[in-house]
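> Below are the sequence and a predicted model for it; my questions follow.
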Amino acid sequence: MLPDFPKLKKRLVKILIHTMEERQSKYSETVSLIPQNRVLEGNKVIIEREDGSIDEMKNYIISSKIEYDLSEIEDIPPEEILKKIDKVSMDIAEQKAKMMYNEIKKTVEKVGNVTDLRGKPFTIDSLIKAYEKVWIDFDKNEKPIFPVLSVGPELYESVVKVFEKLETDPEAKNKFEQLIEKKKAEWRDRENNRKLVG
């Protein structure tokens with residue numbers, strides 16, 4: 001009987017999982033910014049939000065596969081295996097992103113936080129309207145910690161232009177600074193009203 005090398009197999013599996021997770025982060029940067037926890041048992045996740053509301057999320061199955069004929073495995077070059085790992089990583093990243101955006105869509109529709117431009121161009125007012133609907137936290141120096149703004153390719157250029165305008169147009173800059181002051185006051189109220197858990 002040939003040796004099984006269980007310790008080596010376990011180490012290789014860890015390396016494979018780590019490699020796939022790194023590649024998934026490369027293919028879906030937005031998803032990689034979100035803290036993730038593995039749920040090892042149960043069939044749902046319950047989230048209690050800061051306002052006391054409760055959301056229940058079902059578990060999703062995300063999977064992909066690599067297939068090889070065992071008779072050919074010894075002759076497959078490592079580059080070919082890495083290509084397959086890369087393809088699987090991209091597939092999983094796409095599935096995670098799709099699931100995340102579907103959950104976000106359901107949640108914002110449920111609470112009425114949708115900003116629909118109805119085909120109109122993205123403007124400073126669109127940005128302000130979107131930011132008015134979300135909490136913005138601030139760091140210890142009271143600098144805003146903005147949420148990630150994730151847009152599709154059709155809106156990307158107009159969003160870039162809006163952020164450029166914030167740097168060059170005094171009126172736009174003033175509107176945005178007023179929003180930041182309003183959000184800072186809301187943040188201070190939240191911080192002052194937090195309950196200490198002990």
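Alright, I've got the coordinates. Residues are numbered from 1 along each chain as shown.
> so for the helix or strand hosting residue 30, what's the average pLDDT?
Residue 30 belongs to helix 29-32 when assigned by DSSP states H and E. The average pLDDT within helix 29-32 is 80.
> and that helix, what does it pack onto?
Judged by 3 or more C-beta pairs under 8 Å, 6 or more residues apart in numbering; DSSP states H and E, helix 29-32 is in contact with helix 6-27, helix 78-111. Any C-beta I mention is one placed from the backbone N, CA and C, and that applies to glycine too.
> How about that helix, which residues are buried there?
Using 16 or more other C-beta atoms under 10 Å as the test for burial, helix 29-32 gives residue 31.
> Also stretch 123-130?
For stretch 123-130, the buried set under the neighbour-count rule, 16+ other C-beta under 10 Å, comprises 124, 126-128, 130.
> before we move on, back to that, list the strands paired with the helix or strand following the helix holding residue 30, with their directions.
Per DSSP H and E, the first helix or strand lying C-terminal to helix 29-32 is strand 44-48. Partners of strand 44-48 in the sheet, by DSSP bridges, are strand 54-58 (antiparallel).
> And the buried residues of stretch 123-130, which is closest to residue 68?
Checking the buried residues of stretch 123-130 against residue 68 with C-beta to C-beta, the nearest one is residue 130 at 47.0 Å.
> Can you tell me the closest non-neighbouring residue to that closest one?
Spatial nearest neighbour of residue 130, chain neighbours left out: residue 115 (4.6 Å); criterion: C-beta to C-beta, 6 or more residues apart in numbering.
> Kindly report the same for residue 150.
Once flanking residues are discounted, residue 150 sits nearest to residue 30: 5.0 Å by C-beta to C-beta, 6+ apart.
> I figured that neighbour hits residue 148, correct?
Yes: using C-beta atoms under 8 Å, residue 30 is in contact with residue 148, at 6.0 Å.
> Relative to residue 88, how far out is the nearest residue to residue 108 once chain neighbours are set aside?
Distances taken as C-beta to C-beta, 6+ apart put residue 114 closest to residue 108, at 5.3 Å, once the chain neighbours are dropped. Applying C-beta to C-beta, to the nearest Å, the value for residue 114 to residue 88 is 34 Å.
> And these two? Which one has more around it.
Counted by other C-beta atoms under 10 Å, residue 114 and residue 88 do not tie: residue 88 has more neighbours, with 17 against 11.
> In contact with that one, which residues are there?
20, 64-66 (C-beta atoms under 8 Å, 6 or more residues apart in numbering).
> low pLDDT regions in this protein?
In the predicted model, the chain carries pLDDT under 70 at residues 1-2, 195-198.
> Tally up the residues packed near residue 89, please.
By other C-beta under 10 Å, the residues close to residue 89 number 21.
> what do you get for residue 3?
There are 6 residues near residue 3, going by other C-beta under 10 Å.
> Using the three-state scheme, assign it.
coil (DSSP: H, G, I helix; E, B strand; the rest coil).
> ok, it to residue 14 distance?
Residue 3 is 20 Å from residue 14, where distance means C-beta to C-beta.
> for residue 84, same thing?
Taken as C-beta to C-beta, the span from residue 84 to residue 14 is 18 Å.
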